[in-house]
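S.K.: Here is my input; please provide its structure:
(2 chains)
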2 protein chains.
Amino acid sequence: MPKANAFYAQSGGVTAVINATACGVLETARAHRDRIGKVYAGRNGIIGALTEELIDTSRESRSAIAGLRSTPSGAFGSCRYKLKSFEENEREYRRLIDVFKAHDIRFFFYNGGGDSQDTANKVSQLGDQLGFPLTCIGIPKTVDNDLPLTDTCPGFGSVAKYVAVSTREAALDVASMCETSTKVFVLEVMGRHAGWIAAAGALAQEAPGDAPHIILLPEVPFEKAKFLRKVKDVVTAKGYCVVVVSEGAQYRNGTFVADAGGKDAFGHTQLGGVAPTIAQMIKDRHGYKYHWAVADYLQRAARHIASKTDVDQAYAVGRAAVEFALAGKDKVMPTIVRTSDSPYRWKIGAAKLSRVANVERKMPKSYITKDGFGITAKGKRYLAPLIAGEDYPAFRNGVPQYVRLKNELVKKKLKPFKV
Amino acid sequence: MPKANAFYAQSGGVTAVINATACGVLETARAHRDRIGKVYAGRNGIIGALTEELIDTSRESRSAIAGLRSTPSGAFGSCRYKLKSFEENEREYRRLIDVFKAHDIRFFFYNGGGDSQDTANKVSQLGDQLGFPLTCIGIPKTVDNDLPLTDTCPGFGSVAKYVAVSTREAALDVASMCETSTKVFVLEVMGRHAGWIAAAGALAQEAPGDAPHIILLPEVPFEKAKFLRKVKDVVTAKGYCVVVVSEGAQYRNGTFVADAGGKDAFGHTQLGGVAPTIAQMIKDRHGYKYHWAVADYLQRAARHIASKTDVDQAYAVGRAAVEFALAGKDKVMPTIVRTSDSPYRWKIGAAKLSRVANVERKMPKSYITKDGFGITAKGKRYLAPLIAGEDYPAFRNGVPQYVRLKNELVKKKLKPFKV
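M.R.: Model (predicted):
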């Protein structure tokens, strides 16, 4: 295979460690200049490929690239842009091939969730059909931890650690004040479809009965009366109650608990998320003073408290992607394979993109306690190693030093394309 | 002065470093066993003194006491319980003296905000009147940073660091996605009466124009139209806008922005805080996709990202309190005195309790930019050293190891007292 350029894009919601993956891709590619020419990154993800806005990563210094390992968010920009099916929008897929041809791009690295793996697979197939063979490697990334065939998804371990740490800290706060102040604290975390992130709250527990006392998962239909009874039982026994709730918590009929509050007096949809909604339920029934927090982007951007395991794995899948490509692999995604729980050991594996695409991995029932409000020992055994280790960024003046890239664009060669 | 016991209590909202102060008090007292017998801590603060629920800290190991330095929240319990004026409730003040007499307590260390300093002062005066002289030392603590006569208040630096770090991280997230997703991010932070905490968001800025682009302070009346224009200007220029808003943001007439939304369709007070309220305003006017976060207790409990300066100062005021008492000082509070901005230098000073009590320190006008949406260079010069340095707790299994005390109570000697 002659030397050619590569294209790398970040896709979907960013994480604390997706740039660590970029770092793995770029450092490994630079170590193989005989085979890979320049690595172009899509400005704002795949949109950059469609609009021919290609960032020339060769203009970035070695230290800037190294700094990506400890910089959260997407350094080249990311996007929520799903290519339609090939039949519906062949034009976009053909455009990608045109851009790749124009810039002598023969390697395509797509760093994202399930949709992105699907796109990478289709682009690869089209390249084959059009006689422009591309090496297409998907690279896993999602805080949602819902990709199949990999033990975990880079990005998840760090948000899980953030939730475990924050829950432990806030619970101590509530415990020390509950005699005369707040009795119920509710922390809302991400996870619209699966409860992996909320489940990680259970790692805050050290001894039986520790906070969080209740975890509300999308996998377990929300039953208001049962929940309110449980809150009362906990407050009666402990003096306070800490709840971690997934934004995706829902009633049996599929209505999100967050959406069930209706409109306010001005006809606006209620502003709050699920945390204020259930906090108010508790207040209305039991009268307990409450506080609630919504972590939102803070949780997935919190590189300052990233999991070392997660950072290492994020870097490793980036490096493996390039190594796979150089070894002639195609239409695959590097995966994390767990070889031992304790001590935790893992290695890199590979999964076919066709098998990854559009499969959502739910949390196993065996990870959820019988009453639906907690995580079993088995679930914790799975989760615990993923948050292990700290990997602090450098600080200056009290705040983390995150790199900013130059992000210089390559000169366009094609006509404009409307996305 | 013959050897006697001491009483220590934590008061009001807890912080990431109030236990570091406790550590300073206890370690210093233990180093002077010839003068100070046992240190009793109030279970749940001053309430513990009233109810004679005294924790015998001599039962805690040396390593447990040392661990307090890196454990957030109030290890002995705290309370929001303000003693009424002496005239209104002399009974409570006399009870304190009775309990102190019964347990040979001659040193009173009260660790809290302005109200607590006032209480310590009154108790001291009463002791004098009743011929039971007590040495009363107030110890500063408040995330609100609103005590007078001290350069800063232990607890503030760490919450300030949390806000600066979180704002920088979340802003990177928004910046990388704004082309196709969220354009406005709003972070709500504490500070009902003063904007110190929100102001700390400005420390996330590295270069002019960096996030946060807008800071909403209680000190600056909220003008909706002006604010919405500014948001639009920022989004037009930058592609996104990050807002840090104090929970105490208010209209000119004193109505909190958070309360201005009225009731929902069920007659409940609107659930959300100020963040969802202003996010919705922006959506209604400009249609921008938004996200918001409410940090709530996470910010003041976040020992994992505490400011080293703050931890050092929290310990130092605890140590100084005991040293003051042993030196025969009375009715005073150790303060932080800044002797140099750059390099930052500080030392311990002393303020009379009578001058600290019930004085609220507002943010100087000179710290706020002319348009009311930002912090001046002068303000940042004041704030920056307070968040400097990291002081990570020990971790085990991916989560911080915080100590739990035995908190064994001393046998009661008096009749029950109803609080």
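S.K.: Low-confidence stretches in chain A?
M.R.: Counting by pLDDT under 70, chain A contains low-confidence ranges at A:1, A:260-272.
S.K.: If we use 50, what do you get?
M.R.: Applying pLDDT under 50 to chain A flags residues A:263-271.
S.K.: all helices of it, in order?
M.R.: Per DSSP state H, chain A carries helices over the ranges A:18-30, A:46-50, A:62-67, A:90-102, A:114-129, A:156-177, A:196-200, A:224-238, A:274-286, A:297-301, A:308-326, A:353-356, A:377-383.
S.K.: tell me the most buried of these?
M.R.: helix A:196-200 (a mean of 30; mean count of other Cβ atoms under 10 Å in any protein chain shown). C-beta coordinates here come from the backbone N, C-alpha and C atoms, glycine included.
S.K.: and the helices of chain A as CSV, adding distance to residue B:291?
M.R.: Shown next, in CSV, are the helices of chain A (distance: least, Cβ to Cβ, whole Å):
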stretch, distance to residue B:291
helix A:18-30, 18
helix A:46-50, 20
helix A:62-67, 26
helix A:90-102, 28
helix A:114-129, 20
helix A:156-177, 15
helix A:196-200, 16
helix A:224-238, 26
helix A:274-286, 14
helix A:297-301, 6
helix A:308-326, 22
helix A:353-356, 28
helix A:377-383, 26
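S.K.: of those helices, which approaches residue B:392 most closely?
M.R.: Residue B:392 sits nearest to helix A:156-177 of all these, at 11.3 Å, using Cβ to Cβ.
S.K.: what's the closest one packed up against?
M.R.: strand A:184-189, helix A:196-200, strand A:241-246, strand A:290-294, helix A:297-301, helix A:308-326, helix B:297-301, strand B:399-400 (3 or more Cβ pairs under 8 Å, 6 or more residues apart in numbering or on different chains; DSSP states H and E).
S.K.: make it 6 Å
M.R.: Judged by 3 or more Cβ pairs under 6 Å, 6 or more residues apart in numbering or on different chains; DSSP states H and E, helix A:156-177 is in contact with strand A:184-189, helix A:196-200, helix A:297-301, helix A:308-326, helix B:297-301, strand B:399-400.
S.K.: For that helix, list the C-alpha coordinates in PDB.
M.R.: What follows is helix A:156-177, C-alpha atoms only, in PDB (Å, rounded to 0.1, in the frame of the first residue of the first chain):
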ATOM      1  CA  PHE A 156     -17.700   6.300  30.400                       C
ATOM      2  CA  GLY A 157     -15.100   5.600  33.000                       C
ATOM      3  CA  SER A 158     -14.400   9.300  33.600                       C
ATOM      4  CA  VAL A 159     -18.000  10.400  33.900                       C
ATOM      5  CA  ALA A 160     -18.600   7.300  36.200                       C
ATOM      6  CA  LYS A 161     -15.700   8.500  38.400                       C
ATOM      7  CA  TYR A 162     -17.100  12.000  38.500                       C
ATOM      8  CA  VAL A 163     -20.500  10.700  39.600                       C
ATOM      9  CA  ALA A 164     -19.100   8.400  42.200                       C
ATOM     10  CA  VAL A 165     -16.800  11.100  43.600                       C
ATOM     11  CA  SER A 166     -19.400  13.800  43.600                       C
ATOM     12  CA  THR A 167     -22.000  11.600  45.200                       C
ATOM     13  CA  ARG A 168     -19.700  10.600  48.000                       C
ATOM     14  CA  GLU A 169     -18.800  14.200  48.600                       C
ATOM     15  CA  ALA A 170     -22.300  15.600  48.500                       C
ATOM     16  CA  ALA A 171     -23.600  12.800  50.700                       C
ATOM     17  CA  LEU A 172     -21.100  13.800  53.400                       C
ATOM     18  CA  ASP A 173     -22.400  17.300  53.200                       C
ATOM     19  CA  VAL A 174     -26.000  16.300  53.600                       C
ATOM     20  CA  ALA A 175     -25.200  13.800  56.400                       C
ATOM     21  CA  SER A 176     -23.500  16.500  58.400                       C
ATOM     22  CA  MET A 177     -26.400  19.000  58.200                       C
END
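S.K.: ok so, going back, let's have the helices and strands packed on helix A:156-177 in CSV, adding distance to residue A:356.
M.R.: Listed next are the helices and strands packed on helix A:156-177 as CSV, based on distance: least, Cβ to Cβ, whole Å:
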stretch, distance to residue A:356
strand A:184-189, 25
helix A:196-200, 17
helix A:297-301, 21
helix A:308-326, 13
helix B:297-301, 34
strand B:399-400, 31
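S.K.: Thought residue A:3 was touching residue A:107, still the case?
M.R.: No. The pair residue A:107 / residue A:3 is not scored as a contact, 10.6 Å apart, by Cβ atoms under 6 Å.
S.K.: For the two, indicate the residue with more neighbours.
M.R.: Neighbour tally, residue A:107 and residue A:3, criterion other Cβ atoms under 10 Å in any protein chain shown: the higher count belongs to residue A:107, 27 against 12.
S.K.: Could you give the number of residues near the closest residue to that one other than its chain neighbours?
M.R.: Of all residues not flanking residue A:107 in the chain, residue A:6 sits nearest, at 3.6 Å (Cβ to Cβ, 6 or more residues apart in numbering or on different chains). Neighbourhood size, residue A:6 [other Cβ under 10 Å]: 28.
S.K.: quick one, what contacts residue A:6?
M.R.: Contact analysis of residue A:6 by Cβ atoms under 6 Å, 6 or more residues apart in numbering or on different chains lists A:36, A:39, A:107.
S.K.: before we move on, what about residue A:73?
M.R.: With Cβ under 6 Å, 6+ apart, residue A:73 has these contacts: A:14, B:172-173, B:176.
S.K.: Could you do residue A:157 as well?
M.R.: A:307, A:309-310, A:386-387.
S.K.: could the residues you listed be laid out in CSV, adding distance to chain B?
M.R.: Listed next are these as CSV, based on distance: Cβ to the nearest Cβ, whole Å:
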residue, distance to chain B
A:307, 7
A:309, 8
A:310, 10
A:386, 8
A:387, 4
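S.K.: So for chain A, the centremost residue is which one?
M.R.: In chain A, the C-alpha nearest the mean C-alpha coordinate belongs to residue A:143, at 2.0 Å (Cα atoms, centre = their mean).
S.K.: quick revisit: the helices and strands packed on helix A:156-177: which one's closest to residue B:378?
M.R.: helix B:297-301 (24.4 Å).
S.K.: which helices and strands does the closest one pack with?
M.R.: helix A:156-177, helix B:156-177.
S.K.: For residue A:24, find the nearest of the ones you listed.
M.R.: helix A:156-177 (15.4 Å).
S.K.: what's the distance between the closest one and the middle of its chain?
M.R.: Chain-centre distance of helix A:156-177: 19 Å, with Cα atoms, centre = their mean, to the nearest Å.
S.K.: tell me the angle of it relative to helix B:18-30?
M.R.: 60 degrees (axes from the mean of the first three to the mean of the last three Cα atoms, to 10 degrees).
S.K.: Spit out the contact partners of residue A:374.
M.R.: residue A:215.
S.K.: Need phi/psi at it.
M.R.: phi -150, psi 180 (degrees, to the nearest 10).
S.K.: Then residue A:371?
M.R.: Here residue A:371 shows phi and psi, under degrees, to the nearest 10, equal to phi -80, psi 0.
S.K.: nearest spatial neighbour of it, skipping sequence neighbours?
M.R.: Nearest to residue A:371 is residue A:230, by Cβ to Cβ, 6+ apart, at 7.5 Å.
S.K.: Quick check, residue A:150 in contact with residue A:335.
M.R.: Yes. Using Cβ under 6 Å, residue A:150 is in contact with residue A:335, at 3.7 Å.
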